[in-house]
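Undergrad: What follows is a protein structure lacking sequence information:
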């Protein structure tokens, strides 16, 4: 049976992204090239920490996840559940898994765990029902 929390996270991501895309004409104002450059730098840093044996809850990892969240916020500010939903999307979408794991095998799982820690502890999330 599917984890209901994870299903809520997937649903929150889909709903919040759809609302944001509609409100911003498909995120027209976002500088996608810059976002991809910033994510490239960030994923290299996270991969290095993963390779060095860091844990998802380590302070340095959480600071990098905070930067990831800030980059996401260039499009819209997700709720906690939508942000966790994004990590599930990274893991479940074959192209996203391949992309992320190209930086380090296992990066998707590591990011998923780190994003969950960040969502539990972090602030700055959009208010949403159940977040």
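TA: The structure has been received and is ready for your questions. Keep in mind the model is a prediction, meaning the values are calculated, not measured.
Undergrad: Tell me which stretches of the protein form helices.
TA: 4-23, 32-51, 59-72, 80-92, 94-101, 107-121 (DSSP state H).
Undergrad: Highest mean neighbour count out of the ones you listed?
TA: helix 80-92 (a mean of 22; mean count of other CB atoms under 10 Å). No exception for glycine: its C-beta is placed from N, CA and C like everyone else's.
Undergrad: Figure out how far it is from the centre of its chain.
TA: 6 Å (CA atoms, centre = their mean, to the nearest Å).
Undergrad: Show me what it is packed against.
TA: helix 4-23, helix 59-72, helix 94-101, helix 107-121 (3 or more CB pairs under 8 Å, 6 or more residues apart in numbering; DSSP states H and E).
Undergrad: Can you check the pLDDT for the residue lying closest to residue 65 once chain neighbours are set aside?
TA: Distances taken as CB to CB, 6 or more residues apart in numbering put residue 118 closest to residue 65, at 4.4 Å, once the chain neighbours are dropped. Here the pLDDT value assigned to residue 118 is 95.
Undergrad: do the same with residue 122
TA: Taking residue 122 on its own, its pLDDT is 73.
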